[in-house]
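# next comes the sequence, and after it the predicted model I'd like to discuss.
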Amino acid sequence: MSTVPVQAYLALALILFCIGLYGALTKRNTVIVLISIELMLNAVNINLVSFSKFGITPSITGQIFTLFVIAVAAAEVAVGIAILISLYRNKKSVNIDEMDAMKH
């Protein structure tokens, strides 16, 4: 049985993180920015699980941290979508450039 080396997991996580960072920094749509942040968090989860499996002393610690990151990401999405819906109701747009003032 062949195993996938840790470098492959790290390369995948690097690619996903770079795609998420690019999307978060360059896109103007708030939904795309939220998706990009989630992509970056999933890249971190891949790193945590791969280091948990292939580390000096393999343990379940990285997988437990991954569960906490997933829980925080779910809360972040819930709050982000609630804020986005509220802003859309007031501004009628999801463009980040139009959301620079507290009052409408």
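Cool, the structure landed. Numbering: from 1, shown residues only.
# what's around Ala11, how many residues?
11 (other C-beta atoms under 10 Å). Yep, even glycine has a C-beta here, placed from its N, CA and C like the rest.
# swap that for Thr3, please
Counted with other C-beta under 10 Å, residues neighbouring Thr3 total 8.
# got a list of what it touches?
Residues in contact with Thr3 (C-beta atoms under 8 Å, 6 or more residues apart in numbering): none are found.
# helices of this structure, residue ranges please.
Using DSSP state H, the helices of the chain run over 6-26, 30-54, 61-91.
# distance check, Ile83 against Ala74.
As judged by C-beta to C-beta, to the nearest Å, Ile83 and Ala74 stand 15 Å apart.
# check Gly80 too.
Using C-beta to C-beta, we find Gly80 at a distance of 11 Å from Ala74.
# got the contact list for the residue nearest the centre of the chain?
Centroid-nearest residue in the chain, with C-alpha atoms, centre = their mean: Glu38, separated by 2.2 Å. Shown in contact with Glu38 (C-beta under 8 Å, 6+ apart): 20, 73, 77.
# switch the cut-off to 10 Å
Going by C-beta atoms under 10 Å, 6 or more residues apart in numbering, Glu38 touches 20, 24, 73-74, 76-77, 80.
# likewise Ile46?
Shown in contact with Ile46 (C-beta under 10 Å, 6+ apart): 9-10, 12-14, 16-17, 66.
# buried subset of the residues you listed, written for PyMOL?
The following PyMOL line selects those of these that are buried, judged by 16 or more other C-beta atoms under 10 Å:
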select buried, resi 9+10+13+16+17+66
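# closest to Lys53 out of the contacts of Ile46?
The closest of these to Lys53 turns out to be Tyr9 (C-beta to C-beta; 8.5 Å).
# tell me which helix or strand of the protein sits lowest on mean pLDDT?
Lowest on mean pLDDT, DSSP states H and E among the helices and strands of the chain sits helix 61-91, with a mean of 89.
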